[in-house]
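> after the sequence you'll find the predicted model.
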Amino acid sequence: MNLFADDVSLFLGMFLFIALCIYFVPKIKGLRFFPPILVVLIGGMILGNTGIMPQSSPVYDTLNLPALLLCIAGFMMVIDIRDVLKLGTSVLRVFFIGVIGMIIAACVSAPIAANLIGKEQAAQVSALISGTWLGGNSNFAAISEAINVDASFIAVVLGINMVIANLHFVVMMAIKNKTNGINNWLKPKADLDEYFQQIEMKKPMLINKGTEFLIGLGLAGAIAWVSWKVGSYLGSIFPSLGGTLFTIILVSTIGLIIGRYSNIQQKVPGANMIGEIFLYLFLLLMGLKAGSPAALLTSPGVLLQLLIIMVIYMTIVIIGAKLFKDPFEIVNVSVNAQVGGAGTGVAISQAYSKSFVSTGILLSVLGNVVGNYIGIAIYFFLS
């Protein structure tokens, strides 16, 4: 008998699993190396692929976007934008090097993969993956519609993409623990350790009353609701960009304004917990829906093309960081904000420091904006 076959059991079981990870991971010697958020993601992939929990459910569809919006709102409310501006131009430089790297990777991979899957499908893969790995899954849907990709081929590319993108996040989260060693090789101009220490000195008070948490949750919910309503309306006016993009921009902006001018972290200490709680939920949902590794075998040609794109892209980003002496913390956040979107951008950035979250969201929003245009342009160039 499947213990999580019905929606109620599944919903409650997800929160039980998250609580077990948060409590036991720091206490188990073999797992202490991994942050709990990474264990939640990997655990979700295992639960989904073993059938303990389903890989698709209306529960996931209902919770996915609200969890992301509440996560962003919660983190943004306790961030002072002035701290973000101290990072300077390095953030945008790393981002646009990544954009250039993705364009080169997509164009180089297509002729190679064309020998296995044909010129037209190779061009479609380059378009879909470049747009998606710059801006997230909403770009995948928009580009597939714009260039008229066959539904069966969409399923193949999407399945392989989900597995590789999630594995990329797992690897980059694990490498996060090697940041100091990588920075010794990159020799960055700026040392972010001092920056993070200064921010941590302003760390908001911990929650001490249930009512404070509820007030913080209500405020985050109000921000997310207003952003969703206005964002959906704007998305109907500008369908090429979509409502999700506008919603993420709005929830980030409103949260930042509140964090900058209201001193919410002192007035409502519970606000600092909202982002973290819903980040765990979002990553568990991402893991449960990640798909089976067997998807990698459905099309060797598509798999090869995605691997080529990833290798070239990461190589160019790392070379750029070495040449311009950019910190690996920014590189790690940037590539995850591009490849995985807002969710993984937030996850990686908050693993370094909660003050870094707005940087991850900023880069994911920029990627979402440019991803559709770059993906479609690459398709017409290659085809």
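Thanks, I have it.
> quick one: contacts for the most centrally placed residue in the chain?
Compute the mean C-alpha point of the chain, and by CA atoms, centre = their mean the closest residue is T344, 2.4 Å away. By CB atoms under 8 Å, 6 or more residues apart in numbering, the contact set of T344 is F169, M286, N336, A337. C-betas here are computed from N, CA, C, even on glycine.
> of those residues, closest to Y313?
Closest approach between these and Y313, by CB to CB: N336, at 12.4 Å.
> near that closest one, how many other residues are there?
27 (other CB atoms under 10 Å).
> cool, P26 as well?
So P26, with other CB under 10 Å, has 12 neighbours.
> correct me, but it touches P36?
Yes - under the criterion of CB atoms under 8 Å, P26 makes contact with P36 at 7.1 Å.
> for the chain, name the helix or strand with the lowest mean pLDDT.
Scoring the helices and strands of the chain by mean pLDDT, DSSP states H and E places helix 192-201 at the bottom, with a mean of 55.
> quick check: mean pLDDT of the helix or strand following that one?
Of the helices and strands lying after helix 192-201 in sequence (DSSP states H and E), the nearest is helix 210-237. Average pLDDT, helix 210-237: 86.
> between the helix or strand that helix 210-237 is followed by and helix 210-237, how many degrees?
Next in sequence after helix 210-237, counting helices and strands by DSSP H and E, comes helix 243-261. Helix 243-261 and helix 210-237 are oriented at 140 degrees to each other (axes from the mean of the first three to the mean of the last three CA atoms, to 10 degrees).
> packing partners for helix 243-261?
helix 58-76, helix 81-85, helix 210-237, helix 357-382 (3 or more CB pairs under 8 Å, 6 or more residues apart in numbering; DSSP states H and E).
> what do you get if the cut-off is 10 Å, keeping everything else the same?
Secondary-structure packing of helix 243-261 (3 or more CB pairs under 10 Å, 6 or more residues apart in numbering; DSSP states H and E): helix 58-76, helix 81-85, helix 137-146, helix 210-237, helix 264-267, helix 271-288, helix 342-352, helix 357-382.
> and the first one, how far from the chain's centre?
So the one you mean is helix 58-76. 12 Å (CA atoms, centre = their mean, to the nearest Å).
> dump stretch 323-331 to PDB, keeping only the CA atoms.
Taking Å, rounded to 0.1, in the frame of the first residue of the first chain, the C-alpha atoms of stretch 323-331 are listed here in PDB:
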ATOM      1  CA  LEU A 323      40.700  36.500 -16.300                       C
ATOM      2  CA  PHE A 324      38.600  39.100 -14.500                       C
ATOM      3  CA  LYS A 325      39.400  37.800 -11.000                       C
ATOM      4  CA  ASP A 326      35.800  37.400  -9.900                       C
ATOM      5  CA  PRO A 327      34.900  35.500  -6.700                       C
ATOM      6  CA  PHE A 328      33.700  31.900  -7.000                       C
ATOM      7  CA  GLU A 329      30.700  32.800  -4.800                       C
ATOM      8  CA  ILE A 330      29.400  35.100  -7.500                       C
ATOM      9  CA  VAL A 331      30.100  32.500 -10.200                       C
END
